[in-house]
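>>> Just the structure for this:
(chains A and B)
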Amino acid sequence: MPDFGTVASAILSGLLLGGMMGLIALGLSIVLGVMRLVNLAHGVFLVMGAYAGLYFLKLTGFDPLLALPLLALGIAALALPLYRYLLAPLAQRGPEAQLMTMFAVAIILQNLFVFVFSADTRSIERSYATLPLSLGAITVPLIYVIGFAIAVALILAIHGLIAHTGFGRDLRASAADPAAAATLGVNVQRVQMLTFALGTACAGVGGVLIGVAFQFSPSSGGAYLLNSLAIVVLGGLGNVPGTLAGGMILGLLQSLGGLTLGDGYRDIVGMALFLLVLVFRPEGFLAARRA
Amino acid sequence: MNAAAAPLLEVTGLVKRYGGVVAIDHVDLQLWAGTITGVIGPNGAGKSTLIGMIGGAVTPSAGHIRLGGRDISRLPASERARAGIGRTYQIPRPFLDMTVAENLEVAQYSMAPLIGAGPARSARIELLQLTGLLDVAGVPARALPLLKRKRLEVARALALKPRVLLLDEVGAGLIDSEITELITLIQAVADASVAIIIVEHVLRVVRACCARSMVLNFGKKLIEGPTAEILAHDEVASVYLGTGGARQSAPAAPKDEAAPPPRDPGSLSQLIAPRSSAASRPPLLELQGICAGYGQARVLKGIDLQVHEGEAIAILGANGAGKTTLARTITGAINPTAGTLRIAGNDAAGRPAHDIAGLGIAHCMEGRRIFPTLSVRDNLLVAARRVDRATAQQRLAAVYELFPILAERAAQGGTSLSGGQQQMLAIGRALMARPRLVIFDEVSLGLAPIIMDRLYEALATLKAAGMTLVIIEQDVDRALALADKVYVLEHGIFGLAGDPRDIADDPRLRHIYIGTAD
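Numbering: from 1, shown residues only, chains lettered A, B, ... in the order given. Next up is the predicted model:
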C-alpha cells in the first residue's frame, strides 16, 4: 500500500499532465467540430512541435518555452498550405478523402522525421525539467506545473476567442451549418483554414511542452492522438471547458492506473475509459456541443 | 377490394412527436390487398414521417401498425422488410458500384438466402422485364439516369416480394414524358396481392394510379376518399393554395407573438441598403436562361427574371416545381449549369455564396436554418458582416424593434424559440446584413395562420420602407396580396407571370397547383 504522499503526488501529477493533454485534444476537437475531420496527423504535428522546440534551443540558445508564441505561429503557418492545397480541394469529395489524406501526411511526416532527425529518442534538455516542486508530502515535477499553467491559459484564451469574438461566432456558425453560414456571408473556407491552423498550433505548443517534460521520437505521435480522441469523447465535441475537464479526468485515471497496476498500464486505463464512454454516453460526441 | 375482409395493413392512432412538434397526430389508415392509395399534402404535412413510421425508419411515439394482424410497430426496418413491407426512397439510393442485376440480387438473397441460382435468375429477369430494366441489367447503377434509377428503386423494393409497397415521391424531378412512363410502371406492378401507398407531390401520378387518397395537413388526416372527389374538394384546394378559409378557425396564438409590428419604419433604414443613385442603373437582379439541378435531376430549365430596386415579386409554384432551387441558385449555394446571373450588373454565376451575400443579396432560408449552438443575439450578429460594433448594435436594435420578442430572448439558444419566433429570428438575421434584396423562402411554412399574418405584416412594413423583396411561397393568397408582380414556376420554367390580380383570377393557377383542369 503506497503512502499518502505517493498517492497525492500521483493524483496531482495526473491532473497537471491531463491539463496539457486537454490543450492538445482541444486542437483535435475544434478541427473535428468545424471541418468534420478527425485529423490523423494531429499526433505527428505534436512531434513536429517538439522537434521545433528542440532545434530552436540548439540553434538560438533561447528557451523554447519563452518563444512559444513564435513556435506556435510557425507551426500554424505550415498548416495553411496543407489546408489550401490538400484539404480544401477535397472538401466536396466526402469525409473519407480528407481523412485518408491526413493519414498519408502523418506517415510521410513521420518518415521524414526519421530521415532528418533519426529514430533516436530525444528530449528538450532544460534544467527545470527535472526539478521537483514539493509541498509537504506532495512532490510533482516543476515542468508539470509550468506546462499546466501554459495549457490552461491557452485553453481559456481559445475559449474566449470562440465564445466572445466575431471570428468565434463565425466558427460556431460554420460548425453548426456551413451552408447556412455561407449564405449569410461567412467565408466558410477561410474559417476552416484558420481553425485548422489553430488546431495545429495547439498540437505544436503541446509538443514543445511534452518535449521538455518527456522524451519523444518520430513515432511518439500515435499515443497522443489516441489520448486526444478519448478526451474529445469524454469532454464533448466543441465543449472547450469540457475538453480541459476531460483531459484532467483522463490524466488522473491514467495516473491511478499506473499507480495500482504498474506504469505500463497507463494507456490501457485511458482506452478502457474511452470505450466505456462510447458504450454508455455515446451522445458525449455531439449532444454537449456548447461552445 | 373487399371492404368486409380484414385490411392487410392497419394503422391506428399513429403519433410522432419531435420534441414539442407533433409531426403526425393520431392518423388512422387501412389498406387492402390489391389497392393503390395516394397520400398527398403540402410540404411539412408529415407525409414522409408517416411513410418512415410504416417502413420502420422512424419510431412512432404512440399508436400501432399491424400487417396482416401482426403488430409490427416496434420492429426494426430490416425485419419489417422481411415481414413484407417494401419501400422506395425519395432520392434513389441504389448500391452505385453494383450492376442493376446485382442490386436486385442483394434484395433477393436477403429475403431468401438459400434460393437456388436458377430460380433467382428467372425471377430477376421477370422483374427486370416488368420494370423495363432488362437492357441495362449489366450496367453499374452509377451510370443510370434518374428515371432508370427510380425504376431500379421500384424493382429492388419488388424483389423483396412485398405485401405492402411504399412509393415515396417517385415522380419528383421527372419531366412530363417520364412521369407518363412512371405511371405505366406503377400500373404494371399493381397486383391483387399487394397494397401500394403512393406519397406524391406530382398529382398526375396520384390521379392516374390511386383509386383512393388521403390528404395530410399539419400532421392530421384532413380528408380521405375517392381520389377524384378529393382533388375536387375545396378544402384540399385551400390546403394547397392557402386561401384564408382556415384563418377564422385557427386558435389564437400567444399575445407576444401576435403583437403587430411597429408602424413607424424609421429605424428600418438601418436594415435596408440605400438605393443606388445612378440614373440608368441595371436591374438589381437579372437572370437569363438559368438552368440548374442536383446531379441527374434537372430542376430549373431556363429561368428569365428581372428584379428592380424597390419591387416586391412573388414566385409561386407547387412542391417540387423548383422554387427553393431557384433561391439557392441566386444565392450561390448551387451553381447554374447554364445561363447568366447578374447582381446590380455584376456577373455572379459560379461565385461562392459568401461573395453573393457580400453583393447585397440576403436569403431567409427555407426551414429557417437557425444555428442551435448560437444564442439569438449571436444568430443575428453572424449576418452583420464587415461592420463596426456600433453599426452592428444599431442594426440589432432595429431588428428588436421589428420583433420585440427577440430582444427578450436575446441570450437564449436559437432553437429554444417557438417555430414562429424562430422564423422571426430568420427574417431578422437576413436583415442584419442590411441587404439590397432579400429572398424570403417559405416563411409561413408550418406556422399557425395568425403567426403567418404577423410575419406578412412585417414583410409589408419592409416593403413600405423601400426594401426589394423576392417572396417564395406556397401560400398563394398572402404572397399575391403583397407582390407587385407574380411568377408561377411549373416544371422548372415560369408557366405564368404577370400582375397579381390577373394571376389570382387565372384558372391556370389552380390547375398548376392541383391540376384539376385536365
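>>> need the next SSE after the lowest-mean-pLDDT helix or strand in chain B, C-terminal direction.
For chain B, using mean pLDDT, DSSP states H and E, the weakest element among its helices and strands is helix B:255-258, scoring a mean of 47. Where DSSP states H and E defines the elements, the next helix or strand beyond helix B:255-258 is strand B:285-294.
>>> Tell me the strands beside that next one, with direction?
Strand B:285-294 has the following strand partners under DSSP bridges: strand B:297-307 (antiparallel), strand B:338-343 (antiparallel).
>>> okay, the ones you listed in CSV with distance to residue A:152 and mean pLDDT next?
The way it works is simple: take the backbone N, C-alpha and C, and place the C-beta from them, glycine included. Listed next are those as CSV, based on distance: least, Cβ to Cβ, whole Å; pLDDT from 0 to 100:
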stretch, distance to residue A:152, mean pLDDT
strand B:297-307, 52, 89
strand B:338-343, 48, 94
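>>> Turn these into JSON lines, including distance to residue A:190 and mean neighbour count.
JSON lines is the format used below for the strands paired with strand B:285-294 (distance: least, Cβ to Cβ, whole Å; neighbours: other Cβ atoms under 10 Å in any protein chain shown):
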{"stretch": "strand B:297-307", "distance to residue A:190": "29", "mean neighbour count": "19"}
{"stretch": "strand B:338-343", "distance to residue A:190": "21", "mean neighbour count": "18"}
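>>> Reformat those as CSV; add distance to residue A:84.
Output for the strands paired with strand B:285-294, formatted as CSV (distance: least, Cβ to Cβ, whole Å):
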stretch, distance to residue A:84
strand B:297-307, 32
strand B:338-343, 27
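>>> Would you mind telling me which of the ones you listed is nearest residue A:277?
strand B:297-307 (41.5 Å; Cβ to Cβ).
>>> part of a helix, is residue B:487?
No - per DSSP: H, G, I helix; E, B strand; the rest coil, residue B:487 lies outside any helix segment and is strand.
>>> any idea how far residue B:503 is from it?
9 Å (Cβ to Cβ, to the nearest Å).
>>> which neighbours do these two share?
B:316, B:496, B:497 (Cβ atoms under 8 Å, 6 or more residues apart in numbering or on different chains).
>>> quick check, nearest of those residues to chain A?
Of all these, residue B:316 has the smallest distance to chain A: 22.1 Å, by Cβ to the nearest Cβ.
>>> can you give me the end-to-end distance of stretch B:67-86?
12 Å (Cα to Cα, to the nearest Å).
>>> what mean pLDDT would you report for it?
For stretch B:67-86, mean pLDDT is 88.
>>> starting at the chain centroid, how far to that stretch?
Distance of stretch B:67-86 from its chain centroid, counting by Cα atoms, centre = their mean, to the nearest Å, is 28 Å.
>>> contacting residues around it?
B:6, B:8-9, B:54-57, B:59-60, B:63-66, B:110-111, B:157-158, B:160-166.
>>> Flag every buried residue along it.
B:67, B:72, B:73, B:75, B:80, B:81, B:83, B:84, B:85, B:86 (16 or more other Cβ atoms under 10 Å in any protein chain shown).
>>> How about stretch B:401-420?
Here stretch B:401-420 shows B:401-403, B:405-406, B:409, B:413-415, B:417-420 as buried, counting by 16+ other Cβ under 10 Å.
>>> Please identify the buried residues of the helix or strand that contains residue B:64?
Remark: residue B:64 resides in strand B:62-67, with elements defined by DSSP H and E. For strand B:62-67, the neighbour count (16+ other Cβ under 10 Å) marks B:63, B:65, B:66, B:67 as buried.
>>> Among these, which pair sits farthest apart?
Taking Cβ to Cβ as the measure, the buried residues of strand B:62-67 span a maximum distance of 14.1 Å, between B:63 and B:67.
>>> Pick the one among the buried residues of stretch B:401-420 closest to residue A:156.
residue B:413 (22.8 Å).
>>> So the closest one is in contact with residue B:375, correct?
Yes - here residue B:413 reaches residue B:375: they are 6.3 Å apart, a contact under Cβ atoms under 8 Å.
>>> Show me what the strand holding residue B:64 pairs with in its sheet, parallel or antiparallel.
Short version: by DSSP bridges, strand B:62-67 pairs with strand B:9-18 (antiparallel), strand B:70-71 (antiparallel).
>>> Pull the number of nearby residues for residue A:213.
22 (other Cβ atoms under 10 Å in any protein chain shown).
>>> Next: the one 3 residues further on.
Number of residues near residue A:216 (other Cβ under 10 Å) recorded here: 24.
>>> hang on, the earlier thing: now render the buried residues of stretch B:401-420 as TSV, adding secondary structure and pLDDT.
Shown next, in TSV, are the buried residues of stretch B:401-420 (DSSP: H, G, I helix; E, B strand; the rest coil; pLDDT from 0 to 100):
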residue	secondary structure	pLDDT
B:401	helix	92
B:402	helix	91
B:403	coil	93
B:405	helix	91
B:406	helix	94
B:409	coil	91
B:413	strand	88
B:414	helix	87
B:415	helix	83
B:417	coil	83
B:418	coil	80
B:419	helix	79
B:420	helix	83
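>>> Tabulate those residues (a markdown table), appending distance to chain A.
Output for those, formatted as a markdown table (distance: Cβ to the nearest Cβ, whole Å):
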| residue | distance to chain A |
| --- | --- |
| B:401 | 21 |
| B:402 | 18 |
| B:403 | 17 |
| B:405 | 21 |
| B:406 | 16 |
| B:409 | 17 |
| B:413 | 9 |
| B:414 | 9 |
| B:415 | 10 |
| B:417 | 15 |
| B:418 | 20 |
| B:419 | 17 |
| B:420 | 19 |
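>>> Out of the residues you listed, which comes closest to residue B:131?
residue B:419 (41.0 Å).
>>> State the distance from that closest one to residue A:126.
59 Å.
>>> Where does the stretch 101-250 of chain B get nearest to chain A, residue-wise?
residue B:142 (14.5 Å).
>>> Do you know the pLDDT at the residue nearest to that residue when sequence neighbours are not counted?
Leaving aside its sequence neighbours, residue B:142 sits nearest to residue B:96 (Cβ to Cβ, 6 or more residues apart in numbering or on different chains; 4.2 Å). Here the pLDDT value assigned to residue B:96 is 86.
>>> residues contacting residue B:96?
Contact analysis of residue B:96 by Cβ under 8 Å, 6+ apart lists B:140, B:141, B:142.
>>> Pretty sure the first one sits against residue B:97.
Yes - here residue B:140 reaches residue B:97: they are 6.1 Å apart, a contact under Cβ under 8 Å.
>>> The two: who's more crowded?
Each of residue B:140 and residue B:97 has its neighbours counted (other Cβ under 10 Å); residue B:140 has more, 16 against 9.
>>> so how far is residue B:490 from the residue of the stretch 151-300 of chain B found nearest chain A?
Using Cβ to the nearest Cβ, residue B:295 is the residue of the stretch 151-300 of chain B that sits closest to chain A, at 12.6 Å. According to Cβ to Cβ, residue B:295 and residue B:490 sit 22 Å apart.
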